[in-house]
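Peer 1: Sequence and predicted structure below; questions after.
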Amino acid sequence: MPKKNAKIIIILVAFALILFGFIYYYFFLRSTAPETAPGIDETTGLFPSDGRGAPDDSTGKIGEPDGTGGLPVPRYRKISQKPVSGAVITIIKDDTKGNAIRYMDRATGHIYEAWTKSMGQERISNTTIPKVYETLWNKSGDSFIARYLDEETEDIISFYAGLVKKEGSENMKSDIYSFDGSFLQKNISDMSVSDGGKSLFYVLKKKDGSSLIKSAFGTTENVEILNSPLREWLVEWFGNGYLLKTKPTYKTGGFVYQLNNGGNVTKLLGDVNGLTALGRADGTAFLYSESTDNLFSLFSFETGNRKITKINMKTLPDKCVWSKKSKTLVYCAIPSSVSFGKYPDDWYQGSVSFDDVLWVIDVNMNLGSIVADPNMYFEPPVDGINLILSEDEDYLIFTNKKDYSLWGINLIPEPLGEEGY
């Protein structure tokens, strides 16, 4: 082959390789590479607002924007891929998308909005509150209390915030709301939101004990209901008063008391090892567990006649939620099996994890039925906590204690082949 022709062939091959490389980069690598253009930081209240795109999507959107021809909505599904600090099924409703679900990202404090009948969800606030371990919401989903630990002082910090729409928010994709809020007193050890979502009841630790305080949600005005020499109370709203519980451990007898707004305390149950409890919002009953022989048992307690019923299924009250429509029904995450251990301590400390099936139980009839089994949906095992029902009781969300992801269950599923599967 003449040298001239060989040179031409080499030049053409080199040009073709360069052209192929350019096309591959432009149409493949460039289109899939994440854009990391920095945004403009701004100060909103007391926490920074992250102007960058969402970690999982530069627009802040996840999945399809609605449920009308987008992704099909499974009956049982994982809502958040990342750990959450708290969630709520709000009273915000859309005819197509169902009820809005709002949750806070545990690492960043960013807030996301999902829907009960849609796979679409988006980030609605970029304001950063790092390492939030608990978030309590009101029913409207427009205000919350974020709780975290000050790493320098080790004080428990509780920050109240209302969501405020920003000007021009209709043109924003992932930073619609800012926070308008204030700090509550430091070292509130436990806190409960009333069933109506308008009031708080909390335990404020002091050197010589604790104060049990009632306040309106989102205000600093408060009323001390009880000054106690004990510091380690767990509290709940309970009818027109409150349920007081000692912190549980397998080796010590625990107690449950009822407290009214006048400061009067009545013992309901006592000297029960490993005692944990969950009250009905109307104050008529509570669930409790007892630790015996390296296992535990579940009971219901009726406050009117003090009737105690041992429930045939084995779980902890922390893994349940009372029905809003029936006084006898309770939804629970029930472990498929329970190994011997020191309960509930081993479970709280994370040395034991359960693989649960979701049940609904009639505590009067002592019968139950399965609501959802993750195995049937080819989903990974879950250890359910923080169960929350919608107001219409047609949807349930819970947190998986294994990784703190958020899950949802449609309690009134459509027939197979239509809306869900």
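Peer 2: Yep, it's here.

Peer 1: How far does stretch 294-312 sit from its chain's centre?
Peer 2: Offset of stretch 294-312 from its chain centre (C-alpha atoms, centre = their mean, to the nearest Å): 27 Å.

Peer 1: Any regions of the protein where pLDDT drops low?
Peer 2: For the chain, residues meeting the criterion pLDDT under 70 lie at 1-70, 168-174, 413-421.

Peer 1: any idea how far the residue most central in space within it is from residue 398?
Peer 2: The centroid of the chain falls nearest to residue 86 when counting by C-alpha atoms, centre = their mean (3.2 Å). According to C-beta to C-beta, to the nearest Å, residue 86 and residue 398 sit 12 Å apart. (Each C-beta comes from the backbone N, C-alpha and C, glycine too.)

Peer 1: Am I right that the residue nearest to the centre of the chain sits in a strand?
Peer 2: Yes. Under DSSP: H, G, I helix; E, B strand; the rest coil, residue 86 falls within a strand.

Peer 1: circling back: residues that sit against both of residue 86 and residue 398, list them.
Peer 2: residue 386 (C-beta atoms under 8 Å, 6 or more residues apart in numbering).

Peer 1: Now do the strands in the stretch 1-150 of the chain.
Peer 2: Applying DSSP state E, counting those that start in this stretch to the stretch 1-150 of the chain gives strands spanning 42-44, 47-49, 61-62, 76-78, 84-94, 98-105, 111-115, 118-125, 134-137, 143-149.

Peer 1: If you could redo that for the stretch 301-421 of the chain, that was the one I meant.
Peer 2: Taking DSSP E, counting those that start in this stretch as the criterion, the stretch 301-421 of the chain carries its strands at 308-310, 320-322, 329-335, 356-362, 367-372, 384-389, 395-400, 405-410.

Peer 1: With distance to residue 81 and mean neighbour count added, can I get those in JSON lines?
Peer 2: Listed next are those as JSON lines, based on distance: least, C-beta to C-beta, whole Å; neighbours: other C-beta atoms under 10 Å:
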{"stretch": "strand 308-310", "distance to residue 81": "39", "mean neighbour count": "12"}
{"stretch": "strand 320-322", "distance to residue 81": "24", "mean neighbour count": "22"}
{"stretch": "strand 329-335", "distance to residue 81": "20", "mean neighbour count": "24"}
{"stretch": "strand 356-362", "distance to residue 81": "20", "mean neighbour count": "21"}
{"stretch": "strand 367-372", "distance to residue 81": "19", "mean neighbour count": "15"}
{"stretch": "strand 384-389", "distance to residue 81": "17", "mean neighbour count": "20"}
{"stretch": "strand 395-400", "distance to residue 81": "11", "mean neighbour count": "24"}
{"stretch": "strand 405-410", "distance to residue 81": "7", "mean neighbour count": "22"}
